[in-house]
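> predicted model and sequence below, questions to follow.
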Amino acid sequence: MKRYAMWVVLLVATPVIFRGAAVGQGASATGAREALKAETFPGADIGDRVNHAASSCPRAGCVIHLSGGNYSFSTPIVLRTGFPVTLICDPGGNQNGGSAATTLLTYTGESGPAITFTASNSAGIQGCTLISSRGPKYPTTGILITSAVGDVFSNIQVGDASGHGFGTGLQISTTGDAVFLDTFEQLYLRGNAVNLNMPYNDGTTNENITFIGGVLSGMAGPAPLGYNQACANIGNFDVHFYGTSFDGCPITVDGGANTMVTFDSDHFEAPIGPSAHPFVLVSPACIHCSVSMLHPNFVEDFPAPGRTSFVSIAGSGMYDFIGPKVLAGETVNAFVTSSNDGAYVLVENPNFSFNNRVTYTIDPGGRYGAANDIEHGVFLTGTQNCAFRFGLGTITGCQSFAALSASRTWTFPNESGTVLVSTSGGDVTVPGSLNVNGGKHFKIDDPLDPANKYLYHTSVESPDMMNIYSGTTVLDSKGEAVVQLPDWFEALNRDFRYQLSCIGRFAPVYVAQEIENNTFRIAGGASGLKVSWQVTAIRHDAYAEAHPSPVEVEKPAGERGHYLHPELFGASQDKAIGAREPGGNR
């Protein structure tokens, strides 16, 4: 909810202009700024003239207009004013790379950024197409943004599909600076070696960078022009993509600590050509990163037999995939592979039904046993026949899902066999110990108000592996009774303890003979007296003898000083059992 609230604030508080039409406060905000025509200022080329116009901008800010047309320039545009400067390309010029007829800026330099925003505040560009005459092999950058707050960029194209891209289309932030609250709406980055570069920058936090719509796309054909393409490289940023398409180039999340990336209703198409590169790669450099994908679509246009997954996670942190839809061009081993013990992965309601070529939902690569997978946070829900792959030594298997009304079983195999089985009737079997920190309840519809209430009962706890048996009996003419117990009673139990209660009247009843041959005898009462009896016993079957239940134990070294519920002892949540230290360690 916080994410959407911030988005609304951006759109309302920041002027956004679409070639003269205002959104939010656009009209009033730009109306208060001085409008300048770049062509009226002196300079060797349009870049030089824009720089001169920016230097003449008053402190209240200005709007620099470029008349419709095609411009070549070698002088880098540097907007370093400290106050609002918006560069607007008026409609006109030639159609380029599939875009509408917009003002076309062709940068002829061999290196460096074509346009730089630095120390900017509520600045931006609107309605421009920017290309490079040198092509993406050169170390050029289309737009570089550093130390910016609240900038808005809309209806922009950087690079094209005809070989006029940059080495980097858009770069946000460099070492030691920070970018906050910048918004990119309908941004088209095409045919750049790296379309979007948001590098790790020595721990400086970059927050609330938002992309709305737009397309980041690679070149057509395998290994085009001899360079490797990337849709986006994302460092330590808090960045959000809403309805953005990533076509024909991969995304890498390689930032340091606390990188947070949200993809909401975005579209991903396979890296162009027979590349085995995953669509999204989280590098080992990601520490405590957070990547969330809400209802993403993955489409693999070209079969790539070497591809093992659509998403590959090698970093630590939290990774959520809610409702992904996948169309595979060939059989792919898994939707997600995860190779870091510090990665918590959630896949909820995956849909691979387009052609059902995804074998597993999550594949941890055999890095740990199935018994630890749940502990390490690898969870999923869905309907795939074989949704989770386990591997440890010679033990392999998969998690199978079926509705409880189905005839199949729901199994989690581990190195010693089945850990959990839920049958078609909803029964559960636990071959080992079940450790529960809270209560163990039954929950039923309340018999007195089944439509509106539940009834709970809690189980009885004991430090022993104790069994309880009870019943009633009627004494014979001698004031005695023999209670018959099951044939297996003494084979299962030892250390018997007795309780007797008379019903209707008092009598000095007692246990005349203790349990022997699975019976015991009550005496001391009158004929016809009803007696309630209870026997408790301790298990001594083979399993109980081999696995005695511990009562009080020392915590392992890694858990000392930590708590199951630290808040109950006045401790902070970082003292919780399982809390992870930097680097993914406990």
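Cool, got the structure.

> and residue 574, how close does it get to residue 289?
Residue 574 sits 18 Å away from residue 289, going by CB to CB, to the nearest Å. C-beta: built from backbone N, CA, C; applies to glycine.

> now stretch 80-88: buried residues?
Of all the residues in stretch 80-88, those buried under the rule 16 or more other CB atoms under 10 Å are 80-81, 83-88.

> what does that stretch contact?
The contact list for stretch 80-88 (CB atoms under 8 Å, 6 or more residues apart in numbering) reads 15, 17, 19, 29-30, 33, 50, 54, 57, 59-66, 77, 79, 115-116, 118-128, 152.

> shaky segments in the stretch 351-500 of the chain?
353-356, 363-432 (pLDDT under 70).

> what do you get for the stretch 51-200 of the chain?
The stretch 51-200 of the chain contains residues with pLDDT under 70 at 81, 92-101, 174-177.

> so how many other residues sit close to residue 313?
28 (other CB atoms under 10 Å).

> now do it against residue 344, distance only.
Distance from residue 313 to residue 344, by CB to CB: 10 Å.

> are any of the contacts of stretch 80-88 buried, and if so which?
Applying 16+ other CB under 10 Å to the contacts of stretch 80-88 flags 15, 17, 29-30, 33, 50, 54, 57, 61-66, 77, 79, 115-116, 118, 120-128, 152 as buried.

> now, these that are in strands?
17, 62-66, 77, 79, 115-116, 118, 124-126, 128, 152 (DSSP state E).

> what pairs with the residue nearest to residue 493 when sequence neighbours are not counted across the strands?
Of all residues not flanking residue 493 in the chain, residue 537 sits nearest, at 3.4 Å (CB to CB, 6 or more residues apart in numbering). As for beta bridges, residue 537 partners with residue 467 under DSSP bridges.

> what's the burial count for residue 537?
So residue 537, with other CB under 10 Å, has 21 neighbours.

> please verify my assumption that it contacts residue 491.
No: at 11.4 Å, residue 537 does not count as touching residue 491 under the criterion of CB atoms under 8 Å.

> what residues of stretch 525-539 count as buried?
Taking 16+ other CB under 10 Å as the criterion, stretch 525-539 shows 525, 529, 531, 533, 535-539 as buried.

> pLDDT value on residue 265, please?
Residue 265 carries a pLDDT value of 89.

> enumerate every residue touching it.
By CB under 8 Å, 6+ apart, the contact set of residue 265 is 242-243, 294-296.

> how far does stretch 90-105 stretch from one end to the other?
Terminal residues of stretch 90-105 lie 12 Å apart, using CA to CA, to the nearest Å.

> pLDDT at the residue nearest to residue 493, what is it?
So, for residue 537, pLDDT stands at 96.

> one more: the one 4 residues further on?
Looking at residue 541, its pLDDT is 91.

> give the contact list for the spatially closest residue to it that is not a sequence neighbour.
Once flanking residues are discounted, residue 541 sits nearest to residue 492: 5.3 Å by CB to CB, 6+ apart. For residue 492, the contact set (CB under 8 Å, 6+ apart) comprises 467, 537, 539-541.

> now do the strands in the stretch 351-500 of the chain.
Secondary structure of the stretch 351-500 of the chain (DSSP state E, counting those that start in this stretch): strands located at 358-363, 378-381, 388-392, 395-399, 410-414, 417-422, 428-429, 441-445, 454-458, 466-474, 481-484, 493-503.

> now do residue 150 against residue 447, distance only.
62 Å.

> these two: which has the busier surroundings?
More crowded of residue 150 and residue 447, by other CB under 10 Å: residue 150, with 20 against 8.

> what's the closest of the buried residues of stretch 525-539 to residue 331?
Set against residue 331, the nearest of these by CB to CB is residue 539 (49.5 Å).

> now residue 499: closest residue in space, sequence neighbours ignored.
That would be residue 534: by CB to CB, 6+ apart, it lies 4.4 Å from residue 499.

> what helix or strand is the one you found on?
Taking DSSP states H and E as the definition, one finds residue 534 inside strand 530-539.

> touching the helix or strand that that strand is followed by from outside, list them.
Beyond strand 530-539 in the direction of the C-terminus, DSSP H and E gives the next helix or strand as helix 542-546. Here helix 542-546 makes contact (CB under 8 Å, 6+ apart) with residue 465.

> please shift the residue numbers so they start at 689 in all later answers.
Let's use 689 as the start, then, which means that last one is helix 1230-1234.
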